[in-house]
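S.K.: From the sequence below, what's the structure:
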Amino acid sequence: MQTVLVTGATGCVGSALALMLHARGDRLRILRRETSDTRMLEGIAAEQFVGDICDNALLERATDGCDVVFHTAALVSFSRSVQDEQLRVNVQGTRCVAEACLARGVRTLIHTSSVTTIGRAKPGALADEDTPLDRDLAHGYKLSKVLAEDEILRAVREGLRAVILNPSVIVGERDARFHGGQLIRTVRRGWLPFAIEGGMNVVYSGDVARGMILAAERGRTGERYILAGKNQTHRQIFSRTAELIGARQPIGTLPSSWVRALGAVMEGISDLSGARLPLGRDLAGLVGENIWFSTAKAERELGFAPTSFDQTILAAYNWYRRNGYLK
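M.R.: The predicted structure is shown next:
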């Protein structure tokens, strides 16, 4: 039995992880905001620390006596209106977590990053943990995750055992804010009747949570591990999702230039109205490329084994239906 802290435990991945840690009998602590929706943690016994991710005193209390800290808290958004807060939460927050771990002698820190910090592979190849990123192209959410990784590596140089995980687009139960689950809602409501060029990768939230536990046990200090599922084109993803959930199939493929223009329009509407729309400049900028990844390192060193795409989509869709999120 270990004493473990999960930041961001009310989110999709954090709650999946908390459930697993609770089931195996760990002494569980969670760090959450005062305004967090705690319904995702119903039935889980945990000591709760309530406050801001940048509150150093709170973090030192929460990490005191911990064996492992799983840092999943982050502000996930592609809206320009939240970029300042995003840098504060994702970068300064990560710095504060790492410093608390160093101050309190935490044995292991597992940091949840993103594949957005991985560079683009050459055509026909898969990106891996060593694929270099052009930092000049990083801004918004991507920049915040790049800088957060810098904070983790700085703590490693200061003696902390920390491991970085880079999940792809996360889909699964308890994604109440429709981050990766936006795919399902978009297909079900027919918001994008056309597929888009290029491709991406979807990973099951439960696989990311299991990968975090495996990383705590087997991961090498200072290393990154990509956690991803099956590489597919957007047309394949939209079509199969529609088939699985009984929605309309896409009737064609939009040119990349149209999607980028639509992303700019939607981002402008979102900035003015505050509405959360399914597309913005950052996402639209990825259209036309196959953003695909290799999980060979995680499979080899951690024992990572991804769930199938069909199981991933159905797990999330059935949870949304049972809990009244798809009206």
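
S.K.: just the strands in the stretch 1-150 of the chain please.
M.R.: Secondary structure of the stretch 1-150 of the chain, counting by DSSP state E, counting those that start in this stretch: strands at 3-7, 27-32, 47-50, 68-71, 108-112.

S.K.: Kindly report the same for the stretch 201-327 of the chain.
M.R.: When assigned using DSSP E, counting those that start in this stretch, the strands of the stretch 201-327 of the chain occupy the ranges 224-227, 231-233, 253-254.

S.K.: Where does pLDDT dip in the chain?
M.R.: Applying pLDDT under 70 to the chain flags residues 265, 269-288.

S.K.: And the contacts of the helix or strand hosting residue 165?
M.R.: Residue 165 is part of strand 162-167, with elements assigned from DSSP states H and E. Applying CB atoms under 8 Å, 6 or more residues apart in numbering, the external contacts of strand 162-167 come out as 13, 98, 101, 108-115, 117-118, 129, 149, 152, 155-156, 203, 208, 211-212, 215-216, 219-228. Placement of C-beta: from N, CA and C, glycine included.

S.K.: And the closest residue to residue 296 other than its chain neighbours, how far from residue 212?
M.R.: Of all residues beyond its chain neighbours, the one nearest residue 296 is residue 128 (7.0 Å), with distances taken as CB to CB, 6 or more residues apart in numbering. Per CB to CB, to the nearest Å, residue 128 is found 19 Å from residue 212.

S.K.: What residue in this structure is the furthest from its centre?
M.R.: Centroid-distance maximum for the chain: residue 251 at 29.8 Å, with CA atoms, centre = their mean.

S.K.: In contact with that residue, which residues?
M.R.: Contacts for residue 251 (CB under 8 Å, 6+ apart) come out as 193-194.

S.K.: And for residue 37, the neighbour number?
M.R.: Residues lying near residue 37 (other CB atoms under 10 Å) number 12.

S.K.: distance of it from residue 6?
M.R.: 15 Å.

S.K.: show me what contacts residue 19?
M.R.: 44, 209.

S.K.: let's see it at 7 Å
M.R.: Shown in contact with residue 19 (CB atoms under 7 Å, 6 or more residues apart in numbering): residue 44.

S.K.: I'd like the distance between it and residue 169.
M.R.: Separation of residue 19 from residue 169 (CB to CB): 21 Å.

S.K.: ok, now residue 73?
M.R.: Applying CB to CB to residue 73 and residue 169 gives a distance of 19 Å.

S.K.: Same check on residue 78?
M.R.: From residue 78 over to residue 169 (counting by CB to CB), the distance is 12 Å.

S.K.: ok, now residue 58?
M.R.: 31 Å.

S.K.: ok, back up a step: list the strands paired with the strand holding residue 165, with their directions.
M.R.: The strands beside strand 162-167 in its sheet (DSSP bridges) come out as strand 108-112 (parallel), strand 224-227 (parallel).

S.K.: now those in TSV, with mean neighbour count?
M.R.: Conversion of the strands paired with strand 162-167 to TSV gives the following (neighbours: other CB atoms under 10 Å):
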stretch	mean neighbour count
strand 108-112	26
strand 224-227	26
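
S.K.: Would you reformat those as TSV and include distance to residue 136?
M.R.: Output for the strands paired with strand 162-167, formatted as TSV (distance: least, CB to CB, whole Å):
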stretch	distance to residue 136
strand 108-112	24
strand 224-227	20
